[in-house]
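In: quick one: sequence plus predicted model below, questions after.
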Amino acid sequence: MFNAQPIGFIHSSYRDPADIPKGLGAKHEAVGEIELLAEFAPGLADIEGFSHLYVIWEFDRAVGFDLSVRPPTDKSRAHGLFSTHAPRRPNPIGLTVVELLGRDGARLRVAGLDMLDATPVLDIKPYLSSIPEQKLRRGWLAEAEKAGKAGKRE
C-alpha cells in the first residue's frame, strides 16, 4: 500500500453531492479550476498541448462501501460496484476526464468537473486513447440508456 498525498485541490461550484448531475443524460459541463500545490507546479510544463486530461482524485467525503449498488442511471436493479462510478469504494479514488481550457501558473481552468469543491487531486495525466470508438462497449449502462430513451417516447 501507499499513502496518497494531494498534489492540489479542485475549485468547483459544487458544494453538496446532490448538486452534481447524475443519472441518464447527465452532462458534466461545469467549469472550474484545479490548483496544484506550489511544489508540484513545475510538473505542469507542456500540459497546454493537450485538449483533455485524466484527473485522479479522492472521494474524501465518502464513508464505507457496498459491493452491490443501485446507481442513479439504473435504479431497477443492482450492479457490481466495480461496474459503476459509485463514490463509496474500498479505495475511494475517482477518475474524471476534463477539457483543458487554459493554464495560469499552478492553476488549470477546466470544463467537465464532477467533483465537490476542495476535493483533493492525486494525479493528472494527459488523456490519450488508441481504442477506436466502434470497439468501445458501455455494458449495462448502454441498456439503461436505451431503456431511458424508449421511456421518453411514450
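Out: Done, it's in. Please read these numbers as outputs of a predicted model, since none were measured by experiment.
In: every contact and neighbour count from this point should use C-alpha atoms.
Out: Fine.
In: select the longest strand from this structure.
Out: strand 93-104 (DSSP state E).
In: ok, then the element right after it?
Out: Using DSSP states H and E, the helix or strand that follows strand 93-104 towards the C-terminus is strand 107-113.
In: what are the boundaries of the strands in the protein?
Out: Under DSSP E, the chain gives strands at 8-11, 30-36, 52-58, 68-69, 79-80, 93-104, 107-113, 120-126.
In: quick one: these as JSON lines, columns for distance to residue 148 too.
Out: Formatted as JSON lines, the strands of the chain follow (distance: least, C-alpha to C-alpha, whole Å):
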{"stretch": "strand 8-11", "distance to residue 148": "32"}
{"stretch": "strand 30-36", "distance to residue 148": "24"}
{"stretch": "strand 52-58", "distance to residue 148": "28"}
{"stretch": "strand 68-69", "distance to residue 148": "19"}
{"stretch": "strand 79-80", "distance to residue 148": "17"}
{"stretch": "strand 93-104", "distance to residue 148": "24"}
{"stretch": "strand 107-113", "distance to residue 148": "23"}
{"stretch": "strand 120-126", "distance to residue 148": "33"}
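In: circling back: can you list the strands that the longest strand of the chain pairs with?
Out: On the basis of DSSP bridges, the sheet neighbours of strand 93-104 come out as strand 52-58 (antiparallel), strand 107-113 (antiparallel).
In: can I get the last one in PDB, CA atoms only?
Out: The C-alpha coordinates for strand 107-113 follow below in PDB (Å, rounded to 0.1, in the frame of the first residue of the first chain):
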ATOM      1  CA  ARG A 107      -4.000  26.700 -11.900                       C
ATOM      2  CA  LEU A 108      -5.700  24.800 -14.700                       C
ATOM      3  CA  ARG A 109      -9.000  26.100 -15.900                       C
ATOM      4  CA  VAL A 110     -11.100  23.000 -17.000                       C
ATOM      5  CA  ALA A 111     -14.500  22.000 -18.100                       C
ATOM      6  CA  GLY A 112     -16.300  18.800 -17.200                       C
ATOM      7  CA  LEU A 113     -15.900  18.800 -13.500                       C
END
